[in-house]
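Peer 1: can't give you the sequence, but here's the structure:
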């Protein structure tokens, strides 16, 4: 007889453990295999092998787990099914250990975030704090100047930051911090506008106010002083350029009180000192003074062509023509305003000489023709006539000259035929040869004169009797009487002559012989 399958529920063992996170558990079933051939486990409807942990089964407190065990007898026919119900009871985890209470540092008193004060005072409010430690601009933490306060003086211009930590017993807090900026530079205001304006009945023109840094409040027309009965109609913020704020003010030129009175000649405006403050509280200095004058005079211009003559002989038509235009007052003048007929403006030659004068060069493009407007018209002359015009231009006050200016550039190129050129060349050559021969003859004649003068002897002038030395005296040795002789005076030889010696003989009785050397 086959043994009936048996199952001892006590052999089904389970382990339950808890974790501090989700209170999970793991169930491990075991069975005894005596008197049966196979055991099938079903845990919550899922098949599982006996003796192996069925993990993870995420058990929670109060859950019911059903374990179904099917035991097959040895004969392979009879089967016994057991069901075991487990009621999961999990003990709650112990509560976490509360952390050590920490202090919370609080800064209850501080300067403005932007200020012109070079001193700073801070106050701290931290319950339970025994004292505070401070660090200014990255310096090491040290005890603050007061138990719950800190004071700093003579700070430099620029940004600063403070870290503070409250301490009490063995605990300390996270550092609290405060950032602020010291700015002692006052704002500057520059005023830009036209120096001259055309003043009709409604003479209104814009003026630009540039402020170097942001200011407190808004910039309004009441902050501008205007002289000579002028008026600022409105001011509005246009745009920001970097650190500068730009305001545009619409200004009215002072009007005459009665129709027979003349229009005022000028007006001025400026922003007075201390009219506004920047964010740090620094007052502004007085702005630059803008003076605006009335100008209703239409500008004029003079166009000049160089060389300054009606026409120029022997100038090639292809040569650049230099022109200058001079205005009576500063105007806006560009190359596009130069209108040319039968010519073109040479690139790169247009330049501004000064505030009133401009210069440029043109190249003639017209055809050559006879010159009927001159009295020197020949078959070998050609002319080019160019019309130069300057279109409408206006000055900075808005006075417009709509007439423009026109002039004609007329140049003559004088050329001759080949035969005339050859004959002229021959004549010039002959004249040149004649001049050379004349110069050579003059040089030779002068050389001959100098040579003759160097060869001819010159007469010496006898020295006065007082200066002339006495002649030598010779004595006859026999009679001891002087011997009279005639002196042959020979002049000193000139350069290139030879010296000679002459023997002078005397009549008897020849008692002495004298040699006279010509020197």
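Peer 2: Received it, and whenever you're ready, just let me know what you need. Quick caveat: nothing in here was measured; it's all calculated off a predicted structure. Numbering: from 1, shown residues only.
Peer 1: so the closest residue to residue 138 other than its chain neighbours bridges to which residues?
Peer 2: Closest residue to residue 138 apart from its sequence neighbours, by CB to CB, 6 or more residues apart in numbering: residue 161 at 7.9 Å. Any C-beta I mention is one placed from the backbone N, CA and C, and that applies to glycine too. Residue 161 has these beta-bridge partners by DSSP bridges: residue 179.
Peer 1: where does residue 222 land in three-state SS?
Peer 2: helix (DSSP: H, G, I helix; E, B strand; the rest coil).
Peer 1: distance of the residue nearest to residue 138 from residue 142?
Peer 2: The gap separating residue 161 from residue 142 is 16 Å, by CB to CB, to the nearest Å.
Peer 1: of the two, which one has the most company?
Peer 2: Neighbour count, other CB atoms under 10 Å: between residue 161 and residue 142, residue 161 has more, with 13 against 10.
Peer 1: quick one: contacts for that one?
Peer 2: Shown in contact with residue 161 (CB atoms under 8 Å, 6 or more residues apart in numbering): 136, 137, 138, 177, 178, 179, 180.
Peer 1: generate CSV for those, with distance to residue 209 and neighbour count as supplementary columns.
Peer 2: Output for those, formatted as CSV (distance: CB to CB, whole Å; neighbours: other CB atoms under 10 Å):
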residue, distance to residue 209, neighbour count
136, 39, 17
137, 36, 13
138, 40, 7
177, 38, 12
178, 35, 16
179, 31, 10
180, 29, 17
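Peer 1: which two among the residues you listed are spaced furthest apart?
Peer 2: For the contacts of residue 161, the farthest-apart pair by CB to CB is 138 and 180; their separation is 14.9 Å.
Peer 1: quick one: low-confidence ranges for the stretch 151-300 of the chain?
Peer 2: For the stretch 151-300 of the chain, the stretches flagged by pLDDT under 70 are 169-172, 201-202, 240-243.
Peer 1: my bad, the stretch 401-519 of the chain
Peer 2: Looking at the stretch 401-519 of the chain by pLDDT under 70, you get 408-425, 454-519.
Peer 1: wasn't residue 432 part of a strand?
Peer 2: No - remark: residue 432 does not belong to a strand; assigned using three-state DSSP, it is helix.
Peer 1: what's around it, how many residues?
Peer 2: Based on other CB under 10 Å, the number of other residues close to residue 432 is 10.
Peer 1: separation between it and residue 249?
Peer 2: Applying CB to CB to residue 432 and residue 249 gives a distance of 79 Å.
Peer 1: same thing with residue 404?
Peer 2: From residue 404 to residue 249 the distance is 35 Å (CB to CB).
Peer 1: between those two, who's got more neighbours?
Peer 2: More neighbours surround residue 249 than the other of residue 404 and residue 249, with 22 against 14 (other CB under 10 Å).
Peer 1: in the stretch 301-450 of the chain, which spans are strands?
Peer 2: For the stretch 301-450 of the chain, the strands defined by DSSP state E, counting those that start in this stretch occupy 301-306, 321-327, 338-341, 343-345, 351-352, 357-364, 381-390, 393-394, 400-401, 405-414.
Peer 1: closest to residue 190 out of these?
Peer 2: strand 351-352 (25.2 Å).
Peer 1: and the end-to-end length of stretch 335-347?
Peer 2: When the termini of stretch 335-347 are compared using CA to CA, to the nearest Å, they are 10 Å apart.
Peer 1: can you check stretch 174-194 too?
Peer 2: Start-to-end span of stretch 174-194 (CA to CA) is 60 Å.
Peer 1: can you pull the buried residues of that stretch?
Peer 2: Neighbour-count burial for stretch 174-194, counted by 16 or more other CB atoms under 10 Å, picks out 176, 178, 180, 181, 182, 183, 186, 187, 189, 191, 193, 194.
Peer 1: got a list of what residue 304 touches?
Peer 2: 323, 324, 325, 326.
Peer 1: what are the bridge partners for it, then?
Peer 2: Legend: beta-bridge partners of residue 304 under DSSP bridges are residue 324.
Peer 1: in CSV, list the strands of the stretch 301-450 of the chain along with distance to residue 276.
Peer 2: Shown next, in CSV, are the strands of the stretch 301-450 of the chain (distance: least, CB to CB, whole Å):
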stretch, distance to residue 276
strand 301-306, 44
strand 321-327, 40
strand 338-341, 48
strand 343-345, 50
strand 351-352, 39
strand 357-364, 42
strand 381-390, 46
strand 393-394, 36
strand 400-401, 38
strand 405-414, 49
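Peer 1: right, and residue 174 touches residue 105 too?
Peer 2: Yes - between residue 174 and residue 105 there is a contact under CB atoms under 8 Å: 7.0 Å.
Peer 1: anything in contact with each of the two?
Peer 2: Here residue 174 and residue 105 have residue 165 as joint contacts, going by CB under 8 Å, 6+ apart.
Peer 1: tell me the buried residues in stretch 319-326?
Peer 2: By 16+ other CB under 10 Å, the buried positions in stretch 319-326 come out as 321, 323, 325.
Peer 1: minimum pLDDT in these, which residue is that?
Peer 2: On pLDDT alone, residue 321 ranks lowest of these, at 80.
Peer 1: what pLDDT does the nearest residue to it once chain neighbours are set aside get?
Peer 2: Using CB to CB, 6+ apart and skipping residues adjacent in sequence, the residue nearest residue 321 is residue 362, 5.0 Å away. pLDDT for residue 362: 84.
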